[in-house]
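1. the sequence and its predicted three-dimensional model are supplied below.
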Amino acid sequence: MKILYLIVLVTLLAVSGCKKEKKEHTDIKKETSAENSVKKLEINLVAKNESDVSGSIIFIEEEGMVSMEASLTGLSEGEHAIHIHEKSDCSSPDGKSAGGHWNPTKQPHGKWGAKEGFHKGDIGNIKADSEGNASIIFATNDWCIGCDDKKKNIIGRAIIVHQGVDDFTTQPTGAAGSRVSCGGIIQ
């Protein structure tokens, strides 16, 4: 009888030890998942100012970096400015309902990374081929998707593609011309 009691006791200890090990493993997995969370947001661009410019943009945030991959069609051949603007409102035919360049740090307009300053929305220029197609890949740790930092959060803003080139010096717009496409950055 003592042997049977000892076998039951050892079995119970072994089973309870396995359960505890399994629970700890699950907790580690949850922490790992939280640390490596990936946020993904896809938006569509619509034509403005009677243009034929449209496209799509994918934003991905991972490990503190936001990457943006944009594909556009319907552009005239050559360079075109692309910016993040203040509001996700693309309702007006000319795209001006999106407001001005997103500039939460109150810097002068300029080329991204310029020591003289730049807007958080100053992405730069994209080059369209002879068929009107253009793409850009851009990444920064100065943006976030849905975070609490108002100086980094791109939600509630819009992507605007302009008819012309950003000269990186004219204040506050870069003299990029009319707005030919708009897409609200909304979840």
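-> Looks like it came in fine.
2. do I have it right that residue 39 meets residue 146?
-> Yes. Residue 39 lies in contact with residue 146 (C-beta atoms under 8 Å); the separation is 6.7 Å. The way it works is simple: take the backbone N, C-alpha and C, and place the C-beta from them, glycine included.
3. next up, the contacts around residue 94.
-> Applying C-beta atoms under 8 Å, 6 or more residues apart in numbering to residue 94 gives the contacts 48, 49, 178, 179.
4. ok, which stretches of the chain are helices?
-> In the chain, the helices defined using DSSP state H lie at 2-35.
5. what's near enough to touch the residue nearest the centre of it?
-> By C-alpha atoms, centre = their mean, the chain has its centre lying nearest to residue 59, at 3.5 Å. By C-beta under 8 Å, 6+ apart, the contact list for residue 59 reads 39, 40, 41, 42, 43, 66, 67, 68, 145, 154, 185.
6. I'd like the distance between the nearest residue to it once chain neighbours are set aside and residue 151.
-> Closest residue in space to residue 59, ignoring its immediate chain neighbours: residue 41 at 4.5 Å, by C-beta to C-beta, 6 or more residues apart in numbering. Distance check for residue 41 against residue 151: by C-beta to C-beta, to the nearest Å, it reads 19 Å.
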